[in-house]
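dropping the sequence and predicted coords here.
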Amino acid sequence: MKLTPQILRNATRMINPEGKLTLLLRNLELTYIENLEFTTDDINVIDLTNNDIGELSGVPTLSNLEVLLLGNNNISSIDENGSLPSLHSLSLINNNIRTFSELGKLRHFGQIQTLLMMGNPISTDKRYRPFLIWLLPSLKVLDCEKVKSAERTAAATLFGASFEEANALALQLMNGEDTSVEVNKEASKGERLMTTTVKKLSAEEKAKLIAELEKAESMEEIERIQTALKNGYVG
């Protein structure tokens, strides 16, 4: 389905549990992000969870946009020309990002403090977490875990003192020249989501949490549910 100006005009707007004005565009089978210039600039959160979007692109400069929710789509590429000056939280849970070169484009998306990317194939590579910590100096929480100062130090040792001083390994990864990158095989959205859980949860508990995740209306809720899925406990 196309995201038309009419759909945007008719879309539900609500104040989420964090007090943010939220535009709800989830569960519409959208394949592209488009026409968002027809929305108003007072929106704080855009919720595009559970669509069929393949590329993170088409988001105009919205000066008050703080949170972008794109979990459970099929995103495999990222437009590096985005300009979202107020964006501090981004959820890309359960998508299909497979390369460090695509991850590298995230540095153009504002000053991201909270980033959720569990369920992407690239997240299985052992360098994934240190790479993102190195790439995004503003990052405070990655996949529901706080970034520690020791991790920042280790990331700088691995990839260089800063993006401007990227070493050979960092450049190889961002240019797609490193052949040692290991990611999971391509999987459906449902399969990717189930791989973010652990065996300690029963099938019923997993299903309940996944249903809650699909209805979550704030980054706080999403983080709480993802932590439960990741760690294998409820409550």
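Cool, got the structure.

from Glu165, how far out is the most centrally placed residue in the chain?
Geometric centre of the chain, nearest residue: Leu92, 2.2 Å, by CA atoms, centre = their mean. Using CB to CB, to the nearest Å, one gets 27 Å for the distance from Leu92 to Glu165. Where C-beta positions appear, they are placed from N, C-alpha and C, glycine not excepted.

tell me if I'm right that the residue nearest to the centre of the chain and Leu69 touch.
No: if you go by CB atoms under 8 Å, Leu92 and Leu69 don't touch, sitting 9.2 Å apart.

what is the burial count for Lys140?
By other CB atoms under 10 Å, 12 other residues sit near Lys140.

Phe38 too?
There are 14 residues near Phe38, going by other CB under 10 Å.

next: the one 3 residues further on.
When neighbours are counted by other CB under 10 Å, Asp41 registers 11.

what's the helix or strand for it?
Here Asp41, judged by DSSP states H and E, is contained in no helix and no strand.

didn't it look like it was pressed against Pro60?
No: between Asp41 and Pro60 there is no contact under CB under 8 Å: 9.4 Å.

circling back to that earlier point, skip the chain neighbours and tell me the closest residue to the residue nearest to the centre of the chain.
Met117 (5.0 Å; CB to CB, 6 or more residues apart in numbering).

for that neighbour, grab phi and psi.
Dihedral angles of Met117 (phi, psi; degrees, to the nearest 10) stand at phi -140, psi 20.

surely it is in contact with Arg98?
No: if you go by CB under 8 Å, Met117 and Arg98 don't touch, sitting 11.7 Å apart.

could you pull out the strands for the protein?
13-15, 21-24, 45-47, 55-56, 67-69, 77-78, 89-91, 114-116, 141-142, 145-146 (DSSP state E).
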